[in-house]
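**Student:** Structure here, sequence nowhere to be found:
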């Protein structure tokens with residue numbers, strides 16, 4: 001099956017896909033703020049530039065889109081019909097990079113938490129999960 005857009009239109013559509021300040025990321029920030037957590041955004045000095053960082057707790061959060069990072073939910077398992085080989089390779093590269101970044105952060109003494117886009121469907125469960133994470137890793141010093 002061919003793409004419904006021509007190359008220029010597809011390029012414009014893909015260029016609008018953001019990597020920072022996405023709706024899922026803003027929703028996670030809203031929950032953490034409501035829980036009283038303080039955080040920093042997109043620390044470029046850390047491997048992978050985590051979406052949210054709590055330096056006092058040594059916590060790094062990544063908010064991943066299920067499709068882009070190959071989550072095992074229905075949305076993450078979906079593969080476009082057009083250019084299938086490209087997308088399979090792209091998601092595999094993203095997953096490999098995510099694993100490398102998480103390991104590099106752990107080596108530096110950080111705890112890595114991944115929040116999947118699909119988890120936002122049940123905001124109460126996500127709020128409970130984030131509350132437990134904050135309790136497990138109290139602020140140091």
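**Tutor:** Yes, it's here. If you're wondering where the values come from, they're calculated on a predicted model, not measured in any experiment.
**Student:** buried ones in the longest helix along the chain?
**Tutor:** Identified as the longest helix of the chain according to DSSP state H is helix 84-107. If you call a residue buried by 16 or more other CB atoms under 10 Å, then helix 84-107 has these buried ones: 87, 91, 94, 98, 101-102, 105. Where you see a C-beta, it was placed from the backbone N, CA and C, and this is true even at glycine.
**Student:** Stretch 52-72 now?
**Tutor:** Buried residues in stretch 52-72, counted by 16+ other CB under 10 Å: 52-54, 57, 59-71.
**Student:** Run a quick neighbour tally on residue 80.
**Tutor:** Residue 80: 12 surrounding residues under other CB atoms under 10 Å.
**Student:** Correct me if wrong: it contacts residue 87.
**Tutor:** Yes - contact criterion CB atoms under 8 Å: residue 80 and residue 87 qualify, at 5.3 Å.
**Student:** Next SSE downstream of the helix or strand bottoming out on mean pLDDT in the chain?
**Tutor:** Using mean pLDDT, DSSP states H and E, the weakest-scoring helix or strand in the chain turns out to be helix 7-15, at a mean of 69. Using DSSP states H and E, the next helix or strand after helix 7-15 towards the C-terminus is helix 23-34.
**Student:** contact partners of the next helix or strand after that following helix?
**Tutor:** Using DSSP H and E, the next helix or strand after helix 23-34 towards the C-terminus is strand 40-41. With contacts defined as CB atoms under 8 Å, 6 or more residues apart in numbering, strand 40-41 is touched by 20, 51-55.
**Student:** Just these: which are in strands?
**Tutor:** Of the contacts of strand 40-41, the ones assigned to strands by DSSP state E are 52-54.
**Student:** and which of those is nearest residue 28?
**Tutor:** residue 52 (6.9 Å; CB to CB).
**Student:** what about the closest one, distance to residue 114?
**Tutor:** Relative to residue 114, residue 52 is positioned 11 Å away (CB to CB, to the nearest Å).
**Student:** what touches both of these two?
**Tutor:** residue 61.
**Student:** Let me see the contact set for residue 58.
**Tutor:** Contacts of residue 58 (CB under 8 Å, 6+ apart): 109-111, 137, 140.
**Student:** distance of it from residue 72?
**Tutor:** Taking CB to CB as the measure, residue 58 and residue 72 are separated by 27 Å.
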